[in-house]
Structures are given as structure tokens and as C-alpha cells.
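J.: pasting the sequence and the predicted model now:
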Amino acid sequence: MSRPADCIYLTHPEVRIDPAVPVPEWGLSERGLQRARAGLRQPFVADLRHIVSSNERKARETAGVFAERLALPVLVDEAMHENDRSATGYLPPEEFEQVADRFFAEPTASVRGWERAADAQARIVSRVGAHLARIPEDEAVLFVGHGGVGTLLKCHLCGLPISRLGDQPAGGGGFFVFSRKAVTGQDAGALVWRPIDR
């Protein structure tokens, strides 16, 4: 039997911020698109057989870069969205960071109406597990999503409490590689965010 293939979780890179547009509808900035295209040089790309993406525009655009190069379809999963922040909508950067700190620090509380971190974690873990259950073990898969739920997934895979300590570096476009057994075993060890364009 072939060894299980790697799984990759990738967050979208930089976006065009427009306070007048709902956050899920923000697209990639030119810088973000350049970084996503640079990611095509990553060694894991040649092995990909499946691409699963959040339905938020910035994630779909990121996934599309890889799908176009590999001639693969993108399976869009409505439930892989970022933590639901619609209660506040756009927040200026400094205020956003303060609320995000509380989101991670108080995972069972709805901070200013945001989706609870514990619920967002359960959602992303469930969706990743559901996709891996249908994908053959020897076929690599790229999950394209967001920094918040990506960090929550990373905490779960490593068997760690929810914390912002494992958050991706600023700018997005980070990825980590994990084994499918870690979804249930929570034994991934120390997963490290790596920039997609380096």
C-alpha cells in the first residue's frame, strides 16, 4: 500500500481592503496575486491531486492560481469560511487586532458577536476531516482558506489549546504541511507556518 500523501493548508495572501465591501467579497491585491503565483514553485505543487477552497473570494482566487496550473477542479466548501465576523464587519487594523486577541484568548465566548473560536475550530476540523474521508490516502490535497481558522486547525492538529501563539505571520499567504492522521490523533508536533512565496 502507498504511504499516505501530505495535506497542505494554505491561507490567502494580501487582499484589496475596501471598508465598503463585505469582507468575504474582498479579492486578492496585486501583491497577493504575485505571491500566490510565486507559490507555484513550491515542491508540493507537483504532487497535488485535489484542491479544496473556502467560498470567500480571496480564497477562491488563491486556489484558482494552483488549479489553473495543474488543470484541477476546485471543490468549494461553504463551511470552510473564516471565523464569522459579520457582527462587526470591517474594523480598523488596530481595533481588529484587539478583538482578534480576545477571540483567541476567550475561545468559548462570542467576542463582540463574532463566532466563538471553539465553534469555528470544530467547524474547520470537521470539514477537513470530511474531505479527507473521501480522498484516497495516497493523493495529496491542498486546502485553501484563512488565517484565523487555519490557526485553529493548527492548534487542533498539534493537540494544543486554542491560542494566538500559533498564528501565521502578518500578510497571509502562509502554509503548513500535515498528515491526515493528525486530524484524529492530534499528534502533529510542531507545525510551522511557511510563506508561500519563499
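T.: That came in fine, so what should we check first?

J.: got the contact list for the lengthiest helix in the chain?
T.: Ordering each helix of the chain by length in residues (DSSP state H) puts helix 117-134 first. With CB atoms under 8 Å, 6 or more residues apart in numbering as the test, helix 117-134 has contacts from 7, 9, 50, 52, 75, 77, 79-80, 83-84, 103-104, 106-108, 141, 143, 145, 148-150, 152-153, 155-156, 162, 180, 183-184. C-beta here means a position set from N, CA and C on the backbone, and glycine is covered the same way.

J.: show me where pLDDT drops low in the protein?
T.: 1-2 (pLDDT under 70).

J.: ranges for the strands of it?
T.: Along the chain, counting by DSSP state E, strands occupy 7-11, 48-54, 74-77, 140-145, 174-178, 194-195.

J.: want to try a markdown table for those strands, with distance to residue 30 and mean neighbour count as columns?
T.: Formatted as a markdown table, these follow (distance: least, CB to CB, whole Å; neighbours: other CB atoms under 10 Å):
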| stretch | distance to residue 30 | mean neighbour count |
| --- | --- | --- |
| strand 7-11 | 18 | 26 |
| strand 48-54 | 20 | 22 |
| strand 74-77 | 21 | 18 |
| strand 140-145 | 19 | 26 |
| strand 174-178 | 19 | 20 |
| strand 194-195 | 17 | 16 |
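
J.: can you list those in CSV and add distance to residue 129?
T.: Output for these, formatted as CSV (distance: least, CB to CB, whole Å):
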stretch, distance to residue 129
strand 7-11, 11
strand 48-54, 12
strand 74-77, 12
strand 140-145, 11
strand 174-178, 12
strand 194-195, 23
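
J.: need the helices for the protein, in chain order.
T.: Using DSSP H, helices in the chain cover 30-38, 57-70, 93-105, 117-134, 147-157, 181-185.

J.: out of those, which is closest to residue 169?
T.: Closest to residue 169 of these, according to CB to CB: helix 147-157, at 9.4 Å.

J.: what residues does that closest one touch?
T.: 9, 11, 80-83, 100, 103-104, 117, 120-121, 123-125, 128, 161-164, 166-168, 172, 174, 176, 178, 182-183, 186, 188, 191, 193.

J.: try 7 Å this time
T.: Helix 147-157 has contacts (CB atoms under 7 Å, 6 or more residues apart in numbering) with 9, 11, 82-83, 117, 120-121, 124-125, 128, 161-164, 166-168, 172, 176, 178, 182-183, 186, 188, 191.

J.: list the contacts for the nearest residue to residue 24 once chain neighbours are set aside?
T.: Nearest residue to residue 24, sequence neighbours excluded (CB to CB, 6 or more residues apart in numbering): residue 56, at 4.4 Å. By CB under 7 Å, 6+ apart, residue 56 lies in contact with 24, 81-82.
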